[in-house]
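Asks: below is the sequence, then the predicted model.
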Amino acid sequence: MTIITVRFSKSRESAVSNQGFTLAELLITMGLMGLIMTAILSSYIFITKSSMSMGNYAEMNEQARMAVEIFARDIRMTSDVLYVGEGEMSLEVSYSQDDVQTVDYIYDSDAGEFIRIVRRIVGKDSKFVILDDLIDLEIKFLNLIDAETENLLEIKRIHFSAKMLKKVLHIANTNQVISAQYMMRNRKVAN
């Protein structure tokens, strides 16, 4: 007599373990993974935009600081105002007794640039954009009592105000650059 033993429990367990996941389990897992990936992607985009904005502000502040320094130095050393107009001026700047130069400042509103041009008697003129990405620039000419004037003989102070707009990757950042009034120390005025 031969006894045959059949183990149904092991074969049933191996049949269950070889089946895989049910459709419901797959859908729930894919849904959760989709939510997690969306959260990760949203965080990445937010961090990227924030980094770009910080870069925009840092670049605008650096450019504005340099422009205000150059502008302030020229205004303080101005010995004569040769011409003023809407968004432009021409100055005689005395860096020393032997070094007197004509310096023009021009605001090109179409290009959004504030340009400094040093006129040379001998050689080529030096042209340099000291501010770009400008959306507004205002220059006020003031006399000794801080009243606005366009009389060339009265101009003693200049007030400079600019607004910049920087766009990178569809991110627009604005920066207001406001400086104090600059006095023309080397200039003698009528009033």
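Replies: Yep, that arrived. Numbering: from 1, shown residues only.
Asks: list the contacts of stretch 66-80.
Replies: Taking contacts as CB atoms under 8 Å, 6 or more residues apart in numbering, the residues outside stretch 66-80 that touch it are 91-95, 100, 103, 105, 114, 116, 130-131, 158, 160, 162, 177, 179, 182-187. In short, each C-beta sits where N, CA and C put it, glycine included.
Asks: buried ones in the helix or strand hosting residue 177?
Replies: Per DSSP states H and E: residue 177 is located in strand 171-183. Of the residues in strand 171-183, those scored as buried under the neighbour-count criterion (16 or more other CB atoms under 10 Å) are 173, 175, 177, 179, 182, 183.
Asks: same question for stretch 95-102.
Replies: For stretch 95-102, by 16+ other CB under 10 Å, it's 101, 102.
Asks: what about it, distance to the chain center?
Replies: Its chain's C-alpha centre and that of stretch 95-102 lie 33 Å apart, by CA atoms, centre = their mean, to the nearest Å.
Asks: please work out the average pLDDT along it.
Replies: Averaged across stretch 95-102, the pLDDT comes to 84.
Asks: what's the answer for stretch 111-130, then?
Replies: 88.
Asks: show residues contacting that stretch.
Replies: For stretch 111-130, the external contacting residues (CB under 8 Å, 6+ apart) are 63, 66-67, 70-71, 74, 101-108, 131-135, 137, 162, 165.
Asks: ChimeraX command for the buried members of those residues?
Replies: In ChimeraX syntax, the buried subset of the contacts of stretch 111-130 is picked out as below (16+ other CB under 10 Å):
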select :63,67,70,71,74,101,102,103,104,105,107,131,132,133,134,137,162
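Asks: restricted to strands, list the contacts of stretch 111-130.
Replies: 101-108, 131, 134-135, 137, 162, 165 (DSSP state E).
Asks: what is the nearest of those to residue 56?
Replies: Within the ones in strands among the contacts of stretch 111-130, proximity to residue 56 (CB to CB) peaks at residue 165, which comes in at 9.5 Å.
Asks: list the contacts of the closest residue to the closest one other than its chain neighbours.
Replies: The shortest distance from residue 165 to any non-neighbouring residue, by CB to CB, 6 or more residues apart in numbering, is to residue 135 (4.6 Å). If you count contacts by CB under 8 Å, 6+ apart, residue 135 has them with 112, 163, 164, 165, 174.
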